[in-house]
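Trainee: I need the structure of the sequence given here:
(2 chains)
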Amino acid sequence: MLEGDHGGPGAVLELVKRLRCEIKLPRSMADYFQDVDAVGAIVEDKRRFARRTLHSLGALEHRPTFAALPRTVEWHKIYTKDVSRGGLAFLHSCQLFPLERMRMLLPDPAFQAVLPPTCQCVVEVARCQRLAPNCFEIGATFVERLAS
Amino acid sequence: MPATDDASTISKASPDLIPVSIESLRALIDFLQVDLYIEQERSKALILYRDRAHPVKQSDLDRLAQRGTKTLYLSLADRDGSHQTIADKVCRNERLAPERRFRVLHDFGRTAFHRVLGDSSLDAFVGMANGLAQRMTGLICRGDVVVQDLLGLLDYDNQLYTHSLNVAACSLLLAQGLGIRDPGELQSLAVGALLHDVGKRHVVLSILKKPGPLNARQRKEIQNHPTTGFRDLMRRGELSWPQAMMVYQHHERCDGSGYPVGVVGDEIHPWARLCAVADVYCALTSDTPYRKQKPVHQALDILDDEAEASLDKEMVRCWKAITAARAPSLSS
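Mentor: Numbers count the residues shown, from 1 in each chain, chains lettered A, B, ... in the order given. Okay, here's the model as predicted:
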């Protein structure tokens, strides 16, 4: 569904929106996409690169990284949380493990500041935190920018 | 006859020397012909105590024990002195009582563990765990070591190695209690248990041994060990997924209160839940820098409380049955 040339980030975003969403946001995050005050705010911490809040949509392609952990190759809708030059945090419906590498599509133009000139990248999972059933917050680093 | 000349003095830091307890040596003297060294009281230097042509006798060991000597050192440069050779000989020696064989395995495992602890490649570490798990599983699977012997033998100083070995032994007993019989599966489980805290290699000793409460940064560093252990081992690509989950998930709790992810119930791999029960039991019954060991009956009560919310209830019930029914003297 998300393979090949789709005619730019706008068209890809439309395709990502059509993916079935399995994430169940906890009640405390019910207004996740309405929290406009948070958008663009710098997350205060001591990380190497400053992080900015960016609540948007993306797609993650599950692929096997470890021989011991089978993964069915398929696309999943994700919710992005914040982003920096080095990586991003996002919400996903299932647990991912450190070192897992997967392809990600981030068609929101707001990501162009960190991913020019493409909306495709490979990320490596660094951490995972369960927030609620079917809702995991995952921190990942960008390991490769892919040509669109 | 003890030798005291300078030529027989050897550095304690020599990588070819391994410490062996007097008790372990009692089990070894019939077939071990190696040079043995003893630590001088004042200088702490090691001097030759018996060369291979003049093997040590039980009476010598009695005298040493009376004098308060607990350890002699044997040289790995000796052809017969390698860890693997000695451990194999001990484990196959039917004339030795099973608990003594396990004790020797424990002693030699500790030395092997400390020798490979600083190996950044992990190769030696995993090799050690595989060898040790194979012998331990052999002893326990054959029923050579009965439960009360094993529980009575566990060391309680809670050093990293001792804790790992204790958790491996308890995990094996619990797995058997839960009906796992396949030796290959048990051995695989023992390797996972021996490696469950491998990520603590990255935690500085001052934090691991801190007697008081940890601050937030120190707690974060400690709580990172399942993730660093998982990363280190998965980069090697040799572990099975259940073994990897023992490393990554042994601090997860069924109610979601654990770390690193906070997964709940069945989201935690069964081997990790099993390892968690063994880990908590061994931690409770051991001296740690911040807490004195608890008697077995108190530890079981605490496990019971934990089972209400955070540990696997069925596994705790099984562990209680193992310790209570088969080792009644330890449960009271």
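Trainee: where do the helices of chain A begin and end?
Mentor: Using DSSP state H, the helices assigned to chain A run over residues A:9-18.
Trainee: any figure for the gap between residue B:273 and residue B:259?
Mentor: Distance, residue B:273 to residue B:259, by Cβ to Cβ, to the nearest Å: 15 Å. Any C-beta I mention is one placed from the backbone N, CA and C, and that applies to glycine too.
Trainee: apologies, that question was intended for residue A:83.
Mentor: In this structure, residue A:83 and residue B:259 are separated by 25 Å, where distance is defined by Cβ to Cβ.
Trainee: before we move on, back to that, so residue B:273 and residue B:259 - more neighbours on which side?
Mentor: Neighbour comparison, residue B:273 and residue B:259: the larger count goes to residue B:273, with 23 against 19 (by other Cβ atoms under 10 Å in any protein chain shown).
Trainee: show me which residues of chain A are close to chain B?
Mentor: Counting by Cβ under 8 Å from any Cβ of the partner chain, chain A comes close to chain B at A:66-69, A:95, A:97-99, A:127-130, A:136.
Trainee: can you do 7 Å?
Mentor: Applying Cβ under 7 Å from any Cβ of the partner chain, we find that chain A lies next to chain B at A:66-69, A:95, A:98-99, A:128-130.
Trainee: narrow those residues to those in strands?
Mentor: Helix and strand membership here follows DSSP state E; of those, those in strands are A:128-130.
Trainee: which one (most neighbours) among the residues you listed?
Mentor: Sorting those by how many neighbours each has (other Cβ under 10 Å) puts residue A:128 first, at 22 neighbours.
Trainee: ok now do it, which residues does it touch?
Mentor: Contacts of residue A:128 were listed using Cβ atoms under 7 Å, 6 or more residues apart in numbering or on different chains, and they are A:95-96, A:136, A:138, B:261.
Trainee: give me the pLDDT for residue B:282.
Mentor: According to the prediction, residue B:282 has pLDDT 90.
Trainee: then residue B:70?
Mentor: For residue B:70, the pLDDT comes out at 85.
Trainee: kindly report the same for residue A:64.
Mentor: Turning to residue A:64, the model gives it a pLDDT of 94.
Trainee: same check on residue B:40?
Mentor: If you check residue B:40, the pLDDT there is 84.
Trainee: same question for the one 10 residues further on.
Mentor: Residue B:50 is assigned 88 on the pLDDT scale.
Trainee: does it have beta-bridge partners, and which?
Mentor: For residue B:50, the beta-bridge partners are residue B:36 (DSSP bridges).
Trainee: that one and chain A: what is the separation?
Mentor: The spacing between residue B:50 and chain A, counted by Cβ to the nearest Cβ, to the nearest Å, is 49 Å.
Trainee: after whatever helix or strand residue B:187 lives in, which helix or strand is next?
Mentor: Using DSSP states H and E, residue B:187 maps to helix B:183-194. On the C-terminal side of helix B:183-194, the nearest following helix or strand under DSSP H and E is helix B:205-208.
Trainee: by contact count, what packs against that next one?
Mentor: Applying 3 or more Cβ pairs under 7 Å, 6 or more residues apart in numbering or on different chains; DSSP states H and E, one finds that helix B:205-208 contacts helix B:216-223.
Trainee: next up, the contacts around whatever residue of the stretch 51-200 of chain B ends up closest to chain A.
Mentor: Closest residue of the stretch 51-200 of chain B to chain A, Cβ to the nearest Cβ: residue B:199 (11.1 Å). The neighbourhood of residue B:199, defined by Cβ under 7 Å, 6+ apart, consists of B:225-229, B:232.
Trainee: residue A:70 too?
Mentor: Under the criterion of Cβ under 7 Å, 6+ apart, the contact list for residue A:70 reads residue A:64.
Trainee: backbone dihedrals for it, please?
Mentor: As for residue A:70, its main-chain torsions (degrees, to the nearest 10) stand at phi -70, psi 140.
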